[in-house]
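Asker: what would the 3D arrangement of this be:
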Amino acid sequence: MLRWLKIKTDGIRPMKKETQIVSLGRDKKWTQGVINPPVYRASTMVFDTIEDMRFAAKNKANGEMFYGRRGGPTHFAFQAAIAELEGGVGTALYPSGSAAISNSLLSFLKSGDHLLMVDSAYEPTRDLCDKLLAGYGIETTYYDPMIGDDIEALIQPNTKVLFLESPGSITMEVQDVPTLSRIAHQHDIVVMLDNTWASPINSRPFEMGVDISIQAATKYIVGHSDVMMGTATANEKHWEQLREHSYLLGQCTSPDDVYLASRGLRTLGIRLAQHEQNALKIANWLNSRPEVDHLRHPAFESCPGHEFFKRDFSASNGLFSFVLKQGDVRSVTAFVENMKHFKMGFSWGGYESLILGVFGIDKLRTATQWDSSKPLIRLHIGLENVDDLIADLDAAFERYNQVLNR
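Answerer: Sure, this is the predicted structure:
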């Protein structure tokens, strides 16, 4: 289990992750000595001499002020913090998590290339492959998230990217990232991981062989459900191409949004610990309910890939699913509607609890099968009192059973 982040220091023992979260990205070059990096709003940077302009142009990739789309001190401070937390060389910023995914893929794929995409991917990622990349002449093959060594049989001569999402969207399968990365690299394939569930602190993607780690910073990094943002962090081999191609695709983010993300980052550790604690209590309660078939929570043995979670993650969070033994649209609707504390919404990672009754999972799978006769409900457990949340869920089961038993 990864208990701290391994940052090399001069004779000083590695900082614990809680200390890093507070300390990183606060170089005086960016902060000017204040605690939080100020908001620098700028489209144009001006120069006193031709020599200054040439120097900025030459060193723009190394944090010199050049043009607004390249970012300013607010951006640079946040990028440095995320890159170091995840263990990469550099971090690119995007206006959403989906933009981080699409731009990462477009930075390394061209017409005629082949992409291996996990079958349990976030639905917009799948739509990107089927509706956009296909039109660009990029072929996608979906694979079982639990495929392991057998991934090699799907690799083609033109396979350029292997895309992972671990745990998977909705159904929460945890992938064997080191094995998949090792095999991909034997064929010179770029490995990308949607690492949003782990956040920058609960796994070490680059130590597992990942080349590009992607975050929907909208979720736990921001933490307050009020900013859309994505990040993609790359290793040394792939950083320059990711950075420059993303720039060519016109990606940039508001410094005001970056400021809020940077501020949210400072409380990430303590928030995630509380999300995890609350979620585990509720998951254990759900596990005792006679209506529940099984939990899709990586910390529980019933979740596919639980053994990889124990090996590769330092902690869990507030997002998980559970599967009911039976039910239909009417009974599940009765469950999720009229909640007092849980709200219905498509995102997660904020301080509030959310609930979704998920239908049609079988229609979003082509490499695997899903038994839709057993309904799935996804929860994000927020920072409310756990007893209040359990009471809310208990009332939901009462409504569910009333409809089911009519």
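Asker: contacting residues around Ala77?
Answerer: By Cβ atoms under 8 Å, 6 or more residues apart in numbering, the residues touching Ala77 are Gly25, Arg26, Asp27, Trp30, Thr31, Pro37, Ser262. All C-beta spots, glycine's among them, are computed from the backbone N, C-alpha and C.
Asker: tell me the SS of Asn338?
Answerer: The three-state label given to Asn338 by DSSP: H, G, I helix; E, B strand; the rest coil is coil.
Asker: burial of the closest residue to it other than its chain neighbours, as a residue count?
Answerer: Nearest residue to Asn338 in three dimensions, chain neighbours excluded: Arg399, at 7.0 Å (Cβ to Cβ, 6 or more residues apart in numbering). By the criterion of other Cβ atoms under 10 Å, Arg399 has 17 neighbours.
Asker: surely Arg399 touches Ala334?
Answerer: Yes. Under the criterion of Cβ atoms under 8 Å, Arg399 makes contact with Ala334 at 4.3 Å.
Asker: what about Leu93, which SS state?
Answerer: Assignment for Leu93 (three-state DSSP): strand.
Asker: what sits against the closest residue to it other than its chain neighbours?
Answerer: Excluding its sequence neighbours, the residue lying closest to Leu93 (Cβ to Cβ, 6+ apart) is Thr253, at 4.5 Å. Going by Cβ under 8 Å, 6+ apart, Thr253 touches His75, Leu93, Tyr94, Pro95, Met229.
Asker: look up the pLDDT of Thr253 for me, please.
Answerer: pLDDT for Thr253: 94.
Asker: what distance do you get for it to Thr159?
Answerer: Thr253 sits 31 Å away from Thr159, going by Cβ to Cβ, to the nearest Å.
Asker: what pairs with Phe163 across the strands?
Answerer: Beta bridges link Phe163 to Met117, Met192, judged by DSSP bridges.
Asker: wait, Ala56 touches Asp48, no?
Answerer: No. The pair Ala56 and Asp48 does not pass the contact test of Cβ under 8 Å, sitting 11.1 Å apart.
Asker: so which of these two has more stuff around it?
Answerer: Comparing Ala56 with Asp48 by neighbour count (other Cβ under 10 Å), the higher total belongs to Ala56, at 16 against 7.
Asker: what mean pLDDT does the helix or strand that one falls within have?
Answerer: Per DSSP states H and E, Ala56 falls inside helix 50-58. Across helix 50-58, pLDDT averages out at 81.
Asker: can you measure across stretch 368-380, start residue to end residue?
Answerer: 25 Å (Cα to Cα, to the nearest Å).
Asker: report the mean per-residue pLDDT for it.
Answerer: Stretch 368-380 comes out with an average pLDDT of 94.
Asker: buried residues, it. List them.
Answerer: Thr368, Trp370, Pro375, Leu376, Ile377, Arg378, Leu379, His380 (16 or more other Cβ atoms under 10 Å).
Asker: cool, stretch 215-234 as well?
Answerer: Using 16+ other Cβ under 10 Å as the test for burial, stretch 215-234 gives 215-223, 225, 227-234.
Asker: kindly report the same for stretch 384-404.
Answerer: Val386, Leu389, Ile390, Asp392, Leu393, Ala396, Phe397, Arg399, Tyr400, Asn401, Leu404.
Asker: check contacts around the nearest residue to the fourth one once chain neighbours are set aside.
Answerer: Residue nearest to Asp392 in three dimensions, not counting chain neighbours: His341, with 4.6 Å by Cβ to Cβ, 6+ apart. For His341, the contact set (Cβ under 8 Å, 6+ apart) comprises Ser353, Glu384, Asp388, Leu389, Asp392.
Asker: nearest the geometric middle of this structure, what residue?
Answerer: A centroid search over the chain (Cα atoms, centre = their mean) returns Thr196, at 1.3 Å, as the residue closest to the centre.
Asker: is it true that that residue touches Lys219?
Answerer: Yes. With contacts counted by Cβ under 8 Å, Thr196 reaches Lys219, the gap being 5.5 Å.
Asker: mind listing the shared neighbours of those two?
Answerer: Gly97, Gly349.
Asker: mind checking how far Asp371 is from Glu236?
Answerer: Remark: distance between Asp371 and Glu236 (Cβ to Cβ) = 44 Å.
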